[in-house]
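Trainee: Sharing a sequence plus its predicted fold:
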Amino acid sequence: MSGHGAHDPGSRPAAHAAHAAPPAPPYREPGTIQTPSGRIVKPLALAPGDIDIEDIAHALARTCRFGGRVLSSSIYSVAQHSVLVSLACDPADALWGLLHDAEEAYWPDMPGPVKHMPEMAFLREACARAMSAIVAHFGLPPVEPPSVKDADRRVANTEMRDLMPPRPPGWPPIDPARTLPDRIEPWTVWRSHYHFLERYEELTGIVPPARDRMRALADEIPHP
């Protein structure tokens, strides 16, 4: 039936659609990153519950020491460095040694002479907060043990001896008594990843889920 009083129901959805709220745009909270395990974390405000050994192993195995300036055909990873420190420090401190650079899984590795400049105070503070969350997660003492500091120095001296150019004139020489006896040969990424998880298992008795997969990949790729 037609006429002035007639009503077309079909017009109502269009009118409502015109006033409907637009869909919310995709939203990413500022200051967040996604880790290899899929976690969403805030590096500026890490909590112990954000920490995962698999995330740490993955990131450190793919992070090159000395900002990538090593003289080798492959990267020399922070994961390999960490394993060496854990082997060189007192056995009671070995887990601290393995994890002493774990904050670099969430913050970039910065060469020490630059990181300790006054202008980089914000980065040192952020890394310290991240490390506090890490040691709390793993139940470690809050302060890095002296044996870990000493082992870190000896491993770093060995890295400079074996993987860096000769010391420039005027720079302090490397003390041979403060180095490791064996020459460092960089591992592949997969081997670094595997040995980091293997060392974690040795020290904790906990088998990380990715360990066997990383071992298979490490065995497939020849040692450099």
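Mentor: Great, that's in hand.

Trainee: Show the contacting residues for the closest residue to residue 136 other than its chain neighbours.
Mentor: Residue nearest to residue 136 in three dimensions, not counting chain neighbours: residue 48, with 4.4 Å by CB to CB, 6 or more residues apart in numbering. To be clear about C-beta, it is placed using only N, CA and C from the backbone, and glycine gets the same treatment. Residue 48 makes contacts with 133, 134, 136, 137, as judged by CB atoms under 8 Å, 6 or more residues apart in numbering.

Trainee: just residue 34 next, same as before
Mentor: residue 40.

Trainee: Mind doing that once more with 10 Å?
Mentor: Applying CB atoms under 10 Å, 6 or more residues apart in numbering, one finds that residue 34 lies in contact with 28, 40, 41, 55.

Trainee: Give me the lowest-pLDDT entry from those residues.
Mentor: When these are sorted by pLDDT, the bottom entry is residue 28 at 82.

Trainee: which stretches of this protein form strands?
Mentor: Remark: strands assigned in the chain by DSSP state E are 33-34, 40-41.

Trainee: So for residue 1, what's the pLDDT?
Mentor: Looking at residue 1, its pLDDT is 49.

Trainee: Repeat that for residue 16.
Mentor: Per the predicted model, pLDDT is 50 at residue 16.

Trainee: List only buried entries from the contacts of residue 34.
Mentor: 41, 55 (16 or more other CB atoms under 10 Å).

Trainee: In PDB, list the C-alpha atoms belonging to stretch 24-38.
Mentor: Below are the C-alpha coordinates for stretch 24-38, written out as PDB (Å, rounded to 0.1, in the frame of the first residue of the first chain):
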ATOM      1  CA  ALA A  24      38.700   0.800  16.100                       C
ATOM      2  CA  PRO A  25      42.000   0.900  14.300                       C
ATOM      3  CA  PRO A  26      44.700  -1.600  15.200                       C
ATOM      4  CA  TYR A  27      46.400  -0.600  18.400                       C
ATOM      5  CA  ARG A  28      49.900  -1.300  19.600                       C
ATOM      6  CA  GLU A  29      50.800   0.000  23.000                       C
ATOM      7  CA  PRO A  30      53.800   2.300  22.900                       C
ATOM      8  CA  GLY A  31      57.100   0.900  24.100                       C
ATOM      9  CA  THR A  32      56.200  -2.800  23.500                       C
ATOM     10  CA  ILE A  33      58.100  -5.400  21.500                       C
ATOM     11  CA  GLN A  34      57.200  -9.000  20.600                       C
ATOM     12  CA  THR A  35      59.700 -11.800  21.600                       C
ATOM     13  CA  PRO A  36      60.400 -15.000  19.700                       C
ATOM     14  CA  SER A  37      58.000 -16.900  22.000                       C
ATOM     15  CA  GLY A  38      55.200 -14.400  21.100                       C
END
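
Trainee: That'll do, ta.
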